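S.K.: Any chance you could fold what I've pasted below:
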Amino acid sequence: MFLAEVARRARETGLSLAASWAYEELGRGASTPSERRQFDQRIIDVALAAGDTAAALEAQRRVANSFSLESIDRRRATAQVIRLESARADPAQLTQLLQAFRDEFPSAPELDDLAATVAKGLQVRGDLEGAAAVLDGIKGSSEWA
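M.R.: All right, here's what the predicted structure looks like:
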């Protein structure tokens, strides 16, 4: 109860590090994967609000890994990992993350968006060839045609 109160008050007053710490401690005591995900989601929210992408990524990876392989929830959570990584990962890692996603979820509806996100991340880092390669084979949505 104490940690929950610390987390709540810290979050309300903008003390993100304290809130993240309290949620992390609460998450360690979680009795189910679902309960742990709830604490991780709170960590993600607090970390992103504070601009702490590293803490958000760590929690988002735990969320993604907590779901069963090939599940819709895992796919969505993994897509969010790639979106968060697009701002900070090196080009090789970013390309590898997208390829792993394509391999695990070959017909995912998120592929077009993720390819565009990764291509933008590569382009910003000066890897124009890598950006073009990522977009190669992406057909895009036909709903606008």
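S.K.: tally of neighbours for residue 40?
M.R.: Neighbourhood size, residue 40 [other Cβ atoms under 10 Å]: 25. For every residue, glycine as well, the C-beta is placed using N, CA and C.
S.K.: show me the contacts for it.
M.R.: Contact analysis of residue 40 by Cβ atoms under 8 Å, 6 or more residues apart in numbering lists 23, 27, 59-60, 62-63, 66.
S.K.: Going by neighbour count, list what's buried in whichever strand or helix holds residue 45.
M.R.: Here residue 45, judged by DSSP states H and E, is contained in helix 33-50. Neighbour-count burial for helix 33-50 flags 36-48, 50 (criterion: 16 or more other Cβ atoms under 10 Å).
S.K.: Please apply the same query to stretch 51-63.
M.R.: Neighbour-count burial for stretch 51-63 flags 52, 55-63 (criterion: 16+ other Cβ under 10 Å).
S.K.: Mean confidence (pLDDT) on it, please.
M.R.: Stretch 51-63 shows a mean pLDDT of 94.
S.K.: List of residues touching it?
M.R.: Residues outside stretch 51-63 that contact it (Cβ under 8 Å, 6+ apart) are 16, 20, 36-37, 40-41, 43-44, 47-48, 77, 80-81, 84-85, 87-88.
S.K.: run the last query once more with 10 Å
M.R.: By Cβ atoms under 10 Å, 6 or more residues apart in numbering, the residues outside stretch 51-63 that reach it are 16-17, 20-21, 23-24, 27, 33, 36-50, 73-74, 76-78, 80-85, 87-89.
S.K.: And the helices in the chain?
M.R.: According to DSSP state H, the chain carries its helices in the segments 2-12, 16-28, 33-50, 53-66, 72-85, 91-104, 111-124, 128-135.
S.K.: what's the closest non-adjacent residue to residue 84?
M.R.: Once flanking residues are discounted, residue 84 sits nearest to residue 57: 5.0 Å by Cβ to Cβ, 6 or more residues apart in numbering.
S.K.: wait, what's in contact with residue 39?
M.R.: 4, 7, 22-30, 59, 62-63.
S.K.: Break this structure down into its domains, please.
M.R.: As given by automatic domain parsing, the domain ranges for the chain are 1-66, 72-140.
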